[in-house]
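Asks: 3D, please:
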Amino acid sequence: MHWVVAETYSFPYEAQIARTQLEAMAIPARIENEHTINMDWLYSNALGGVRLLVPQEYLSLAQSILAQDFSQDVDQILGSEQISCPQCGSTEVEPYTQGKKPAYLVFLLIGFPLFFYKNGMKCKKCQYFWN
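Replies: Numbering: from 1, shown residues only. The predicted structure is shown next:
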């Protein structure tokens, strides 16, 4: 079996995701240079990136699958719920960690981490934070 490069990636996790996509479609795939780049990611460009290899006879099918965007399918399966701000009702919200900067400053000053930060959501419009 003659293996050829179907796609190249900068990071190993991208190649792992692509390999999983191909294997779900019953296309054999393997990854080359993954461990070298995991050990020192600066070698990525020198080695030509992390290479995703498939057998020659699957090349065109693999490239067409990798070119597709499945994000809408995932949203339909998972039922993407819109999160809205309880303060103003805006849907422009993002995950946010409150108190991260003061915790970092305390760590710099006394050399001991104090974990008094909270993870939650923050509205981009009114800056309201909630868990």
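Asks: Show me this protein divided up by domain.
Replies: Structural domains assigned to the chain are 3-78, 93-130, following automatic domain parsing.
Asks: now these in TSV, with mean pLDDT and mean neighbour count?
Replies: C-betas here are computed from N, CA, C, even on glycine. Rendered in TSV, the data for the domains of the chain read as follows (pLDDT from 0 to 100; neighbours: other C-beta atoms under 10 Å):
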stretch	mean pLDDT	mean neighbour count
domain 3-78	91	15
domain 93-130	84	13
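Asks: Please convert the ones you listed to a markdown table, extending it with distance to C85.
Replies: A markdown table is the format used below for those (distance: least, C-beta to C-beta, whole Å):
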| stretch | distance to C85 |
| --- | --- |
| domain 3-78 | 21 |
| domain 93-130 | 4 |
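Asks: and the stretch of helix or strand I37 belongs to, how far from the chain's centre?
Replies: For I37, the element it lies in under DSSP states H and E is helix 34-39. Relative to its chain's centre, helix 34-39 lies at 17 Å (C-alpha atoms, centre = their mean, to the nearest Å).
Asks: ok, then the element right after that helix?
Replies: Following helix 34-39 in sequence, per DSSP H and E, is helix 44-47.
Asks: After that next one, which helix or strand is next?
Replies: strand 50-55.
Asks: Which other helices and strands does that following strand contact?
Replies: Packing partners of strand 50-55 (3 or more C-beta pairs under 8 Å, 6 or more residues apart in numbering; DSSP states H and E): strand 3-9, helix 12-24, strand 30-32.
Asks: Strand partners (parallel or antiparallel) of that strand?
Replies: strand 3-9 (antiparallel), strand 30-32 (antiparallel) (DSSP bridges).
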